[in-house]
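Enquirer: take this sequence and fold it.
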Amino acid sequence: MEQQEAVLLNAAPADGARGGPPLLDRTGACCHGGAKMAVLAYSLGKREINHHFTIRNAKLISAALVVLLVVFHIASRYYGGGDSCERLLSRGRYLGENVWQPYGCMMHKYRSTETKTCLSEKRVAFLGDSRIRQLFYSFIKIIDPGQAEDGNKHEDISFEVESSSVNVDFLWYPEANNSMKERLTSWTNEDLPKPDVVILGAATWSIKFHSGSSETLDQYKVNLTAIAVHLEKLADHAEVYWVLQEPVNEEVLSESRKMITNQQVDLYNEAAVDVFNKNKRSGGSRVKLLAASRQAAMQTVAQSDDGLHLPEATRNVGAMVLMNSLCNKLLRPIDGSCCQTFAAPNLLQKLSALIFVGSAAALLVFHVLGRNRQRRPVPPDVESLEEKKPATAAAAPLGLTAPLQALCRMGVIMSYFYLCDRADVFMKEQKFYTHSTFFIPLIYIFVLGVFYSENTKETKLLNREQTDEWKGWMQLVILIYHVSGASAFLPVYMHVRVLVAAYLFQTGYGHFSFFWLKGDFGLYRVCQVLFRLNFLVLVLCLVMDRPYQFYYFVPLVTFWFVVIYALLAVWPQILQKKANSSGLWHFGVLAKLLSLLLFICLFAFSQGFFERVFSVWPISALFELNGSVHEWWFRWKLDRFAVIHGMLFALLYLVLQKRQVLSEGKGEALFSAKISNLLLFLSVVSFITYSIWASSCKTKTECNEMHPYISVVQILAFILIRNIPGYARSIYSSFFAWFGKISLELFICQYHIWLAADTKGILVLIPGNPSLNIMVSTFIFVCVAHEISLITNDLAQVVIPKDNMALLKRLGAVGLLAALWLLLARGNSHPTTGA
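Expert: A predicted model of the protein is given here:
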């Protein structure tokens, strides 16, 4: 944001008689001087910030932060011990009333079908008292949500799913004594069916029936030491969990349970921890301690009806923790990072790493040979992708140093991407929506946006600075929407859907305006746009092992650019010059747009036809996600009219502008006073009406059905409110405009280095401090997005030559590589639900 601020403060001539101005005039002059001083202070403050905090300095700071954070996380993992499995079982906190967040990893919410797949052909045994019985019921309710708690107290209970051969048993052993040891011994010594999972725990009965005596505690330690030996043997072929005792609510305990105090519970837990940790120190205990349910109960035990047994929501935490510990490594859910190991890099990932390393080696050789004095390529205009003219007419030819440097920078950045979302270095946590996590950052960024207000260079409708500003604030809103999990709140979801439609509206508006005014249908222009849109995504497809459709917005805007190009380039090419010669050509353009509308309707109202067209190989490789084009169908259909709305608006505006119907001078209203006031009133009413409708909508499905037809009203209302008043067209927010210039990179980069687990969670760089974490990760994320934007522009000038013959040769080479990639991807196709 290195904006140069120029402030002109013109001294006002003094008024009044020779003896001095009247008192009222002196007061006005004083106020006027105070206003000038305020403006000067405001301007100097912004200039001072921009002078010291440049984007270059910011990137250096972010690079240092990344190195320090990587060292910190690796060191804490090595010296602190404990993997994500141990953190899942031992630590966590409540995000909301019933949402449990394990420390540093994401917990998947398992459904019945998933649990039956995970536990198929397995036997699970729960041993313990009434508290363990509660845990047993919560566990089997995940498998069968309709299961009732109708078993007899103080007796064994069996549960079976015949279709998947899942067996879960509760065995009544209220004390850690010889009876429990004998049962465990029978599983280790005899040829009886052995459980695949053993979950056990006991203490409260020992406290109750022996009145919390110290002798009983000593005997508990002895018994547990003997039991631990058999548990270690069971761990040879089974997963074994010892459940630490949850606290009690002493105030509501019955008289017969008054001796079960939290002090006693803590003593028994310490005894259990000491026994199993002693085994760890002597050779590594394989018995896992389940302490998460205890930690959850500490915050909810006050809700217990009898002071001993926990509320259902709390014991569900323990059951879901167990399910994640058992199933994550097998089913590998993308939003269940606890207890998962990351897959080894595949062939394409290894080849990508080889290319980046090779680029670094080549650059080093060039540097040693002294061939590093090459002209930096002139970056294209970020939006129009037109190359700026160099300062000298005769520019030196581009060498290899510039692209090698760009590839090296990209390689370093991709290493960070890989560490964030494909390696077990940084932590991840799940999203949780509250109104404050969405609206407070929203207010904050809009205050910043107003602070960085400047005058525009031109005052035309949707001028360049204004469209950058528009994209910038929309992108920031969408980022906050994603990181806060605001899709769970339907009114916010629907308003953000309008913002996505507005991006596509701008796609139609911008590309139609360019082709209509300039008529440049050349191959160079097309390749520049396609490269700018797709370079980062294609690299991520290789490095992060994700299909092209996973980054759905890029396929969407790429598809619509190709459609717009084909529509306007096909005969007859109707441009503004031709239309000016005869008004009839405008009907030709409308006929083309009508044919596009029919094309859209044909696909929109025939899902089967749509899926058959886009399921044909090799096209399917671009649009399939998890072996289906359904996601592409959903995304395409949701905003199917937004692009054509943008094209129609561009045509209408350019025709009115050419006929000088609009007043676009500085400070002038766009229309006459009556028309301007009427349109502004209707625009405000439409905003309010839409918000009321979005708040009253019942389901996303119902809202999404209406969205394609009404989103354009909100977009047009915003355009009119922003552009009808002359003073509104004369200013813009340089803060938002800066983000608007890198909006594409921000949208794509968020998938892996701001969010985590492919957008399902949040990246944790600073554990234990969510506010500081989001500030640090955001700072690095924005710096990376800006650098990628520069790299893309640098490489575009080298990769895409202006000479058509050279360009065709390179396209042929790219086509061969793409065919090879598609063949490899087809042979190694896999679903993307795993991490």
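Enquirer: all contacts plus neighbour counts: C-alpha atoms, from now on.
Expert: Noted.
Enquirer: starting at the chain centroid, how far to stretch 339-353?
Expert: Its chain's average C-alpha position is 21 Å from that of stretch 339-353, according to Cα atoms, centre = their mean, to the nearest Å.
Enquirer: what of stretch 566-577?
Expert: Distance of stretch 566-577 from the chain centroid (Cα atoms, centre = their mean) equals 39 Å.
Enquirer: does Lys258 touch Glu250 like I think?
Expert: Yes. In this structure Lys258 lies within contact range of Glu250 using Cα atoms under 8 Å: 6.9 Å.
Enquirer: Ile688 - how many residues pack around it?
Expert: When neighbours are counted by other Cα atoms under 10 Å, Ile688 registers 13.
Enquirer: for the host helix or strand of it, packing partners?
Expert: Assigned by DSSP states H and E, Ile688 belongs to helix 673-696. For helix 673-696, the contact count by 3 or more Cα pairs under 8 Å, 6 or more residues apart in numbering; DSSP states H and E identifies helix 490-518, helix 700-723 as packing neighbours.
Enquirer: name the next helix or strand downstream of the first one, please.
Expert: Meaning helix 490-518. Counting by DSSP H and E, the element after helix 490-518 in chain order, helix or strand, is helix 523-543.
Enquirer: hey, C-alpha coordinates of that next one in CSV?
Expert: Only the C-alpha atoms of helix 523-543 are listed here, as CSV (Å, rounded to 0.1, in the frame of the first residue of the first chain):
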residue,chain,number,x,y,z
LEU,A,523,-4.1,-15.1,-29.2
TYR,A,524,-1.7,-13.2,-27.0
ARG,A,525,-4.5,-11.4,-25.1
VAL,A,526,-6.4,-14.7,-24.6
CYS,A,527,-3.3,-16.5,-23.3
GLN,A,528,-2.4,-13.6,-21.0
VAL,A,529,-5.8,-13.7,-19.3
LEU,A,530,-5.9,-17.6,-19.1
PHE,A,531,-2.4,-17.6,-17.6
ARG,A,532,-3.2,-14.9,-15.1
LEU,A,533,-6.3,-16.8,-14.0
ASN,A,534,-5.0,-20.3,-13.9
PHE,A,535,-1.2,-20.3,-13.1
LEU,A,536,-1.5,-20.4,-9.3
VAL,A,537,-4.3,-23.0,-9.4
LEU,A,538,-2.4,-25.3,-11.7
VAL,A,539,0.7,-25.1,-9.5
LEU,A,540,-1.5,-25.9,-6.4
CYS,A,541,-3.1,-28.8,-8.2
LEU,A,542,0.4,-30.3,-8.6
VAL,A,543,1.9,-29.4,-5.2
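Enquirer: what packs against it?
Expert: Applying 3+ Cα pairs under 8 Å, 6+ apart, we find helix 523-543 packed against helix 347-368, helix 401-421, helix 553-569, helix 743-753, helix 770-799, helix 804-827.
Enquirer: try 7 Å
Expert: On a contact count with 3 or more Cα pairs under 7 Å, 6 or more residues apart in numbering; DSSP states H and E, helix 523-543 meets helix 347-368, helix 553-569, helix 770-799.
Enquirer: can I get those helices in a markdown table with mean pLDDT, distance to Leu65 and mean neighbour count?
Expert: A markdown table is the format used below for the helices and strands packed on helix 523-543 (pLDDT from 0 to 100; distance: least, Cα to Cα, whole Å; neighbours: other Cα atoms under 10 Å):
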| stretch | mean pLDDT | distance to Leu65 | mean neighbour count |
| --- | --- | --- | --- |
| helix 347-368 | 91 | 22 | 16 |
| helix 553-569 | 97 | 30 | 18 |
| helix 770-799 | 95 | 8 | 19 |
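Enquirer: for these, which one sits closest to Phe451?
Expert: helix 770-799 (19.2 Å; Cα to Cα).
Enquirer: now the angle between helix 401-421 and the closest one, please.
Expert: Put simply, helix 770-799 runs at 150 degrees to helix 401-421, going by axes from the mean of the first three to the mean of the last three Cα atoms, to 10 degrees.
Enquirer: distance from the chain centre to helix 770-799, please.
Expert: Centroid separation for helix 770-799 versus its chain: 15 Å, with Cα atoms, centre = their mean.
Enquirer: can you confirm Pro333 is in a strand?
Expert: No. Assigned with DSSP: H, G, I helix; E, B strand; the rest coil, Pro333 falls outside any strand and is coil.
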